[in-house]
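> dropping the sequence and predicted coords here.
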Amino acid sequence: MKILGIIPARFASTRFPGKPLIDLAGKSMIQRVYEQAKKASALADVVVATDSAEIFNAVNAFKGNVIMTSDQHQSGTDRCAEVSKKMIGYDAIINIQGDEPLIDPQQINLLASCFNDITTDLATLIKRIHSEDELFNYNTPKVIINSRSEAIYFSRQVIPYLKEVSPDDYLKKHIFYKHIGIYGYRTTTLGIIASMNLGKLENAEKLEQLRWIENGSTIKVAITDKESLAIDSPEDVAKVLEALKKAG
């Protein structure tokens, strides 16, 4: 199977404009993400997809693969769909978050392995929740899976609700999972989901994967034990720099 890794990157951001180009110990964030993704043995190639001339030039400068895309896309999935039409010949696409400069290549390989099952059209990663802070944090999407390792629902709320159980005991009584925001799509499926209209569930929770579930798509999940460290705001930069220092 031939798989393409795509890193959607846009310059505009409400919380952190220009985020892909911030300096992280001598390299831009987008360069660090790109170099980590290139280490994933499951990927035949990696490309940055951007609507920004600044990002395009920065990727060119470190000799990375980059392609310009429309500035009208509402999500990384839409940007990946445009690239898949321009870069043909790939069986599947991995959408790699551009704000995780320490992404583990093995996580990418794990997600790619979901497509060894010919019935898999969409895939993502989940991780077990071990702290109450994460469990009750609305910014941490939770996910319920079925016995076939497929996502049933994603929510910012704690799901499932445990009847007659104190919130302090939730983690003692049930295994909860959070969503790790990296997606895989079979190429033929990507075009289909990109054409779907905004759904009621997605509009309510502001989670795009709910659009796919609401329209009957099946999302395969793989469980990772590795933590992701994303830069969502300027305050997160210090955490990443500290992690880079520890990594040597």
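Good, I have the coordinates.
> what segments of this structure are helices?
Secondary structure of the chain by DSSP state H: the helices cover 29-38, 53-61, 76-86, 105-113, 132-135, 170-173, 187-194, 200-205, 209-214, 237-247.
> in CSV, list the ones you listed along with mean neighbour count, distance to S13 and mean pLDDT.
The C-beta positions use only the backbone N, C-alpha and C, and glycine is treated the same way. Conversion of the helices of the chain to CSV gives the following (neighbours: other Cβ atoms under 10 Å; distance: least, Cβ to Cβ, whole Å; pLDDT from 0 to 100):
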stretch, mean neighbour count, distance to S13, mean pLDDT
helix 29-38, 21, 12, 96
helix 53-61, 16, 12, 96
helix 76-86, 20, 13, 93
helix 105-113, 20, 23, 97
helix 132-135, 14, 24, 96
helix 170-173, 13, 33, 98
helix 187-194, 18, 22, 94
helix 200-205, 14, 20, 95
helix 209-214, 21, 21, 96
helix 237-247, 13, 14, 87
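> between those helices, which one is closest to A151.
Checking the helices of the chain against A151 by Cβ to Cβ gives helix 209-214 as the closest, at 6.9 Å.
> and that closest one, what does it pack against?
Under the contact criterion of 3 or more Cβ pairs under 8 Å, 6 or more residues apart in numbering; DSSP states H and E, the helices and strands touching helix 209-214 comprise strand 151-155, helix 200-205, strand 219-223.
> relative to K2, which of the ones you listed is closest?
Distances from K2 to each of those were compared using Cβ to Cβ; the shortest belongs to strand 219-223, at 18.8 Å.
> now that closest one: buried residues?
219-222 (16 or more other Cβ atoms under 10 Å).
> using PDB, write out every CA atom in the longest strand seen in the chain.
Of all the elements of type strand in the chain, the one with the most residues (DSSP state E) is strand 177-186. Written as PDB, here are the backbone C-alpha positions of strand 177-186 (Å, rounded to 0.1, in the frame of the first residue of the first chain):
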ATOM      1  CA  TYR A 177     -10.300   7.200  26.000                       C
ATOM      2  CA  LYS A 178      -9.300  10.500  24.500                       C
ATOM      3  CA  HIS A 179      -8.900  11.300  20.800                       C
ATOM      4  CA  ILE A 180      -5.500  11.800  19.300                       C
ATOM      5  CA  GLY A 181      -6.000  14.200  16.400                       C
ATOM      6  CA  ILE A 182      -4.300  12.400  13.500                       C
ATOM      7  CA  TYR A 183      -6.500  10.900  10.800                       C
ATOM      8  CA  GLY A 184      -6.100   8.400   8.000                       C
ATOM      9  CA  TYR A 185      -8.300   8.200   4.900                       C
ATOM     10  CA  ARG A 186      -8.500   5.700   2.100                       C
END
